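# next comes the sequence, and after it the predicted model I'd like to discuss.
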Amino acid sequence: MRRHLIELILFSTYAELRAETARNYLGLIWWILEPAMMMGAFWLVFDVILKSGGPDYIPFLLIGLSVWQWMKSCMTHGGYAIWSNLPMVRQVPLPPLVFPLIAMLADTVKFAFIFALLVLILWALGYPPNGSYWALPILFGAVFLAAAGVGFVIAALVPLVPDLRFVIEQVLMVVMFLSGVVFPLSQVPPSLKWLMDLNPVAVVMDDARLILMHDQLPNWVGLSKVYLISIVLCLFGIAAVRALAPRFPKLAG
C-alpha cells in the first residue's frame, strides 16, 4: 500500500509539471523568468537607487531569491493544495497529505532547474563550483523540511478558514524582508542579531551564500537548530492534517 502511494505521488508530481507547462505558453521558461524579474526589481531598488547593494550584490541577490522562491512556493502551493482539491478529497479515498506533498515535490523539481541555471550564472560571474558543494544536499534538506513543516500547518488550516490565504501572503512578504533575502545580515544592528539567529530562513540564506560564494561550510550549529525546528513543525503539521482529515470531505459540499 505504501509503495503504491509513493508511486502515485511521484506520477502525480510528473503529471502536475506536465499540466503546468501545457497551461503556460512559456512553459519551463516561466519558472526561470519569474524569479529573474523579481531579481531585476530588487537589484534596481537596493543597488541602483539606494546604493546599498555592494560589489557582490547580484550573486548575493540571485542566491537569496532563488532559495526563497523555492521555500515560498512549497509553503503556499503545498499549503493551499488540500483546499484547492477539496472536491477530489471528497471523491477519492486518499490521505489528504498526498496533495501538499505533490505540490511541494513539483516546486522542488522546478527549483532543480533554476539552481542548475544559478550555478552557471555564478560561474560566469566568477563563482565556480567549489569543494563545499558537498554540503548543499544537507542544506537543501533543511530548507525543504522547513518549508514542508510550514506548508503542512497551512494545509491543515486553510480549508477551514480560506481567508487565511490573504494573511499568509502578507506574512510571507514580511518574513522575506526580515530574513536577509535581499539585504546582508551584516547590516542588521547588533541589538537585533540574536533575532536573526533564531530565524531559520535567515540561517539557510546565510549558509547558502557561504557555500556558493565563499567556499565555506555552513554553520552546523545553526543548521542543526533549523533541522530541529523543521522536524517539530513537520510532525505538528502532519498531526494537524490527520486530525482534521475527517472534516475536509464535508467542506467540499
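Yep, that arrived.

# taking the centroid of this structure, which residue is nearest it?
In the chain, the C-alpha nearest the mean C-alpha coordinate belongs to M71, at 0.9 Å (Cα atoms, centre = their mean).

# how far does whatever helix or strand that residue lives in sit from its chain's centre?
M71 is part of helix 57-79 when elements are defined by DSSP states H and E. Distance, stretch centre to chain centre, for helix 57-79: 6 Å (Cα atoms, centre = their mean, to the nearest Å).

# the residue nearest to the centre of the chain and P190: what is the separation?
Distance, M71 to P190, using Cβ to Cβ, to the nearest Å: 27 Å. To be clear about C-beta, it is placed using only N, CA and C from the backbone, and glycine gets the same treatment.

# again, but for A202
A202 is 15 Å from P190, by Cβ to Cβ.

# give me the more crowded residue out of these two.
More neighbours surround A202 than the other of A202 and P190, with 21 against 6 (other Cβ atoms under 10 Å).

# what is the helix or strand containing the more buried one packed up against?
Assigned by DSSP H and E, A202 belongs to helix 200-214. Packing partners of helix 200-214 (3 or more Cβ pairs under 8 Å, 6 or more residues apart in numbering; DSSP states H and E): helix 57-79, helix 98-124, helix 136-157, helix 220-244.

# what lies in contact with the last one?
Residues lying outside helix 220-244 but in contact with it, judged by Cβ atoms under 8 Å, 6 or more residues apart in numbering, are 82, 95-97, 100, 138-139, 141-142, 145-146, 148-153, 155-157, 159-160, 197, 200, 203-204, 206-207.

# buried ones from those, can you make that a ChimeraX selection?
This is the ChimeraX syntax for the buried subset of the contacts of helix 220-244, where burial follows 16 or more other Cβ atoms under 10 Å:
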select :82,96,97,100,139,142,145,146,148,149,150,151,152,153,155,156,157,159,200,203,204,206,207
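
# residues touching the residue nearest to S230 when sequence neighbours are not counted, list them.
The shortest distance from S230 to any non-neighbouring residue, by Cβ to Cβ, 6 or more residues apart in numbering, is to L145 (3.7 Å). When contacts are counted by Cβ under 8 Å, 6+ apart, L145 touches Y227, S230, I231, L233, C234.

# so what's the residue count around the fourth one?
Looking back up the chat, that one is L233. 20.

# tell me how far it lies from L101.
Taking Cβ to Cβ, one finds L233 at 15 Å from L101.

# same question for the second one.
Noted for S230: a distance of 15 Å to L101, by Cβ to Cβ.
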